[in-house]
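Visitor: No sequence on hand, only this structure:
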């Protein structure tokens, strides 16, 4: 298995998200993390994305299903139907809801081990969306 994780400017994400994933035609897993200016925060996003996507792959949840839900969620957010604090994966109707919740639990445990205060980290990640809303 090949996995490529890259940090990119937030405005280069495919849609409004701090972390994104997909598979190339050759099966390479691509993970993109928004540049947050803190390597520990970026590592936490990457860890979340990696666990979420691998669980999705194992359970037959496709990139297309997750992307469609996330993109619609962000359109709904822009229309005022979701706050910046709400994450698409936390919505029980999200196709990868269980996988997102599990990945978040691991992310929070990893944050403890890195000495990252969860509330500070979460506030920083949420602020990416607030600054990019139009």
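Guide: Everything's here; your move. Just so we're clear, the structure is a prediction, and the values are computed from it rather than from any experiment.
Visitor: ok now the least confident helix or strand in the chain by mean pLDDT, how far from the chain's centre?
Guide: Counting by mean pLDDT, DSSP states H and E, the chain has its least confident helix or strand at helix 118-132, which shows a mean of 84. Counting by Cα atoms, centre = their mean, to the nearest Å, helix 118-132 is centred 12 Å from the centre of its parent chain.
Visitor: buried stuff in it?
Guide: 121-122, 125-126, 128-129 (16 or more other Cβ atoms under 10 Å). All C-beta spots, glycine's among them, are computed from the backbone N, C-alpha and C.
Visitor: Same check on stretch 11-25?
Guide: Neighbour-count burial for stretch 11-25, with 16+ other Cβ under 10 Å as criterion, is recorded at 13, 16-21.
Visitor: Then stretch 77-95?
Guide: 77, 82, 87-89, 91, 94-95.
Visitor: Any chance of the residues you listed in JSON lines with distance to residue 112, secondary structure and pLDDT as columns?
Guide: Shown next, in JSON lines, are these (distance: Cβ to Cβ, whole Å; DSSP: H, G, I helix; E, B strand; the rest coil; pLDDT from 0 to 100):
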{"residue": "77", "distance to residue 112": "29", "secondary structure": "helix", "pLDDT": "90"}
{"residue": "82", "distance to residue 112": "28", "secondary structure": "coil", "pLDDT": "92"}
{"residue": "87", "distance to residue 112": "20", "secondary structure": "coil", "pLDDT": "90"}
{"residue": "88", "distance to residue 112": "25", "secondary structure": "helix", "pLDDT": "93"}
{"residue": "89", "distance to residue 112": "21", "secondary structure": "helix", "pLDDT": "94"}
{"residue": "91", "distance to residue 112": "26", "secondary structure": "coil", "pLDDT": "94"}
{"residue": "94", "distance to residue 112": "25", "secondary structure": "coil", "pLDDT": "97"}
{"residue": "95", "distance to residue 112": "29", "secondary structure": "coil", "pLDDT": "97"}
